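Engineer: got a sequence here, can you build the structure:
(chains A and B)
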Amino acid sequence: MKFGHEYETALANEGYPEQWVNSAIDYKHLKKCIKRVHRELESLGLDEHTLAAMNDLVAQPQTPKPTGIDPKDYFSASNPDLSPIQEEFTPQLKVLVDSKTGLALDARLAPETKASLQKLAKHEMVVEGRKKRLEQAKARQQQLQLPDTTDSVLDGSERKESLTPDVEDARWVYVPLASAQDFFEMLEPKLAELDALRDAETRNLEEKILDLGDLVEDVVQPVREGFEAKREISYRDLYFWREMFRLYLEKPIFYSEAEQKRGAITFDEARKNLENYDHTLRETGLLAKMKTPQAKAAAQQFLDLNLQILKVMHFQEMNARAMRKILKKFDKRTHLQGDQFAKNLIVKYPGIKSSKSGAGGFADSIGRDLQAEMGTKVLAIVPQLDDWICPVCCEMAWRPVNLGCCRAVLCIRCVIDLQSKNMKKCPMCNAETVMAANGKNLDMDTMEFLEIYFPMEVKKRQKENEKAQLARDYGEEFVKPGCTVM
Amino acid sequence: MSAPLPKRIIKETERLQSEPVPGISAQPHDDNARYFDVIVEGPGGSCYEGGVFQLELFLPDDYPMCPPRIRFLTRIYHPNIDRLGRICLDVLKNNWSPALQIRTILLSIQALLGAPNPEDPLNEAVAKQWKENQPEAIKTAREWTELYAKKK
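Structural biologist: Numbering: from 1, shown residues only, chains lettered A, B, ... in the order given. Purely as a prediction, here's the structure:
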């Protein structure tokens, strides 16, 4: 009741595009539909207790499925990828009206249920034109409590006529459930629509991310020496962008990559993360500090795009909740195994499978995919210092040395340190390459790259290196600040 | 006055706190940032499961050119750990690499608890028992864990 209301208001007031709202799960109608299913079942004399009892029986071992819904009626479990839900899909109740093993069940049914089932059975048999069987069935129903000896006699006669060899002395009556069919017909296409919507929105946002990438690249790409500056750029902007993206990476908004709680983030958390991020940007004044108008516009676009991702996520998460709730309600009210249907849907739309921590539904994959997209297409344009640090001293690898054994880049000072301590093995791959390293091992490409993208850090490291060199050559005292009497 | 703390140690400490490894914690002392109180939980499925082991860890001046010094403070029945809590582990000795960190070393120690290696013993008596009567040794290890490594 509460959720239904909350859901309707959210759909109406959050300002979603009309197309989205049309694809949303129709919670209200589905609820009404459940009521109809409930009524229909009751009119058959199958109240919830009876159905629950029947389902319990199915669950019991060694009871050869006397009743209940065979999941195969919904969907072919053996080849789910081909056509999980056929056109003529009809939910049915399959009831076994007579058999040796069905005795216990029959005895438990309420008299009116039995009567209506028998009526149904009769009707079907007449239609099929097999009156003989009907008499048999009747006869056996009257002999419900007869001992085994008569059963064996019956078995003999039954076998002669049995059409289905695997259910030897049983007979299935099919009870079509029109209103339950309505329910699933209403729900299933919605899911297809939501899936399509997710695809479309993801593609749409991915394109926007690509555009943003171009924009950012245009703003921050440093001008190399010898090239003419085509635009107004500021190398300070590069640092602002780097800080902006570093903060963004530090606390992922939509999908957590942390060791301990990996996985999708719920919408509420994601919104909080984005709010915090926005807050930090304002507090540090990063946006205001941007020099060029293009840079400001790009930054604004970056934030807007994040908001849009959040919106898609919210919409899908709400729908996922609506679906979970409505299926739960369906099960509770009708005791028909709707969860089986849900499981089948998950096979068909793997995207809706909800993780433990995540937002559930399609929202999870949206968060994950778009965040990854953002990472590779936009954030990667501005290199982060963390990707260029020496694994030994954890500072920027300046001047970068590649030992030639693996791809690791160390800073020259650490290599000299390793050599002076006679540590022969590469810290990363254990190959004995350290002692052979010399000026030729300087990685000139990386050096050029670092000079362009990290001019400030390079200068700082340069100074430190010079100091360390002096200390090595003339002793620690030489580099100490202030005057020293030597 | 001691030399300023290298950036590497600062970074490692920060990350140990902001992104702790499951089942492991390392807290630096206020008065000496090179000295850590370490807690390692016995790995699940091992005979140390449920145990909470205290260790001390010290980063020498040469770190990361030399390995950190680590010692168990909690008593433990293990073929590669002696009565003084010293640990026989290759990465703490010859196989140390400056690219290893406090977190990776502590993970190695946790793994050592999950896979005792009596072929390379530090505690001869325990190793002998481990080789000759493993069920008995494992039983003793469980008892010691119960006795010394339970949270109070």
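Engineer: where along the stretch 151-300 of chain A do the helices fall?
Structural biologist: Using DSSP state H, counting those that start in this stretch, the helices of the stretch 151-300 of chain A run over A:178-220, A:235-250, A:267-284, A:286-289, A:293-334.
Engineer: longest single helix anywhere in chain B?
Structural biologist: The residue-count maximum for a helix in chain B (DSSP state H) belongs to helix B:134-148.
Engineer: who does that helix touch, helix- and strand-wise?
Structural biologist: Helices and strands touching helix B:134-148, as assessed by 3 or more C-beta pairs under 8 Å, 6 or more residues apart in numbering or on different chains; DSSP states H and E, comprise helix B:124-132. Every C-beta, even on glycine, is put in place using the N, C-alpha and C of the backbone.
Engineer: which residues sit in contact with residue B:55?
Structural biologist: Shown here is residue B:55, whose contacts under the criterion C-beta atoms under 8 Å, 6 or more residues apart in numbering or on different chains are B:38-40, B:70-74, B:85, B:109.
Engineer: turn the residues you listed into a markdown table, columns for pLDDT, distance to residue A:469 and secondary structure.
Structural biologist: A markdown table is the format used below for the contacts of residue B:55 (pLDDT from 0 to 100; distance: C-beta to C-beta, whole Å; DSSP: H, G, I helix; E, B strand; the rest coil):
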| residue | pLDDT | distance to residue A:469 | secondary structure |
| --- | --- | --- | --- |
| B:38 | 96 | 37 | strand |
| B:39 | 96 | 42 | strand |
| B:40 | 96 | 41 | strand |
| B:70 | 96 | 34 | strand |
| B:71 | 95 | 37 | strand |
| B:72 | 96 | 42 | strand |
| B:73 | 96 | 42 | coil |
| B:74 | 95 | 46 | coil |
| B:85 | 94 | 41 | coil |
| B:109 | 96 | 38 | helix |
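Engineer: let's see if you can find the most crowded of the residues you listed.
Structural biologist: Note: the member of those with the most neighbours is residue B:40, at 26 neighbours, neighbours being other C-beta atoms under 10 Å in any protein chain shown.
Engineer: thought residue B:108 was touching it, still the case?
Structural biologist: No - with contact defined as C-beta atoms under 8 Å, residue B:40 and residue B:108 do not form a contacting pair (10.6 Å).
Engineer: residue A:5 versus the residue positioned nearest the centre of chain B, what's the distance?
Structural biologist: For chain B, the residue sitting closest to the mean C-alpha position, by C-alpha atoms, centre = their mean, is residue B:109 at 4.5 Å. Distance check for residue B:109 against residue A:5: by C-beta to C-beta, to the nearest Å, it reads 55 Å.
Engineer: same deal with residue B:15?
Structural biologist: According to C-beta to C-beta, residue B:15 stands 46 Å off from residue A:5.
Engineer: those two: which is more packed in?
Structural biologist: Set side by side, residue B:15 and residue A:5 show more neighbours around residue B:15, with 15 against 11, by other C-beta under 10 Å.
Engineer: tell me which element the more buried one falls in.
Structural biologist: Secondary structure here is read from DSSP states H and E; on that basis residue B:15 sits in helix B:7-18.
Engineer: what sits up against that helix?
Structural biologist: Counting by C-beta under 8 Å, 6+ apart, the neighbours of helix B:7-18 from elsewhere in the structure are A:392-395, B:25-26, B:28, B:33-34, B:59, B:63-64, B:101-103.
Engineer: per-residue confidence for residue B:79?
Structural biologist: At residue B:79, the model reports a pLDDT of 95.
Engineer: phi and psi next, for residue A:432.
Structural biologist: The phi and psi torsions at residue A:432 (degrees, to the nearest 10) take the values phi -80, psi 80.
Engineer: burial measure for the spatially closest residue to it that is not a sequence neighbour, as a count.
Structural biologist: Counting by C-beta to C-beta, 6 or more residues apart in numbering or on different chains, residue A:432 lies nearest to residue A:424, which is 4.6 Å off, once chain neighbours are set aside. Burial of residue A:424, expressed as a neighbour count using other C-beta under 10 Å, amounts to 14.
Engineer: go on, residue A:6?
Structural biologist: Neighbours of residue A:6 under the rule other C-beta under 10 Å: 13.
Engineer: again with residue B:66
Structural biologist: Taking other C-beta under 10 Å as the definition, residue B:66 ends up with a neighbour count of 14.
Engineer: for residue B:38, see how far away it is.
Structural biologist: Using C-beta to C-beta, which is the criterion applied here, residue B:66 is 18 Å from residue B:38.
Engineer: residue A:365 now?
Structural biologist: For residue A:365, the distance to residue B:38 equals 39 Å [C-beta to C-beta].
Engineer: so which strand or helix has residue A:407?
Structural biologist: For residue A:407, no secondary-structure element claims it when assigned by DSSP H and E, so it is in no helix or strand.
Engineer: same question, residue A:40
Structural biologist: Secondary structure (DSSP H and E) places residue A:40 in helix A:27-43.
Engineer: send me that helix as CSV with only the CA atoms.
Structural biologist: What follows is helix A:27-43, C-alpha atoms only, in CSV (Å, rounded to 0.1, in the frame of the first residue of the first chain):
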residue,chain,number,x,y,z
TYR,A,27,2.3,-1.4,-10.0
LYS,A,28,-1.3,-0.4,-9.5
HIS,A,29,-2.8,-2.5,-12.3
LEU,A,30,-0.7,-5.4,-11.4
LYS,A,31,-2.0,-5.3,-7.9
LYS,A,32,-5.5,-5.3,-9.1
CYS,A,33,-4.6,-8.2,-11.3
ILE,A,34,-3.5,-10.2,-8.3
LYS,A,35,-6.8,-9.5,-6.7
ARG,A,36,-8.5,-11.0,-9.8
VAL,A,37,-6.3,-14.1,-9.7
HIS,A,38,-7.2,-14.5,-6.1
ARG,A,39,-10.9,-14.3,-6.8
GLU,A,40,-10.6,-16.7,-9.7
LEU,A,41,-8.8,-19.2,-7.6
GLU,A,42,-11.4,-18.9,-4.9
SER,A,43,-14.1,-19.5,-7.4
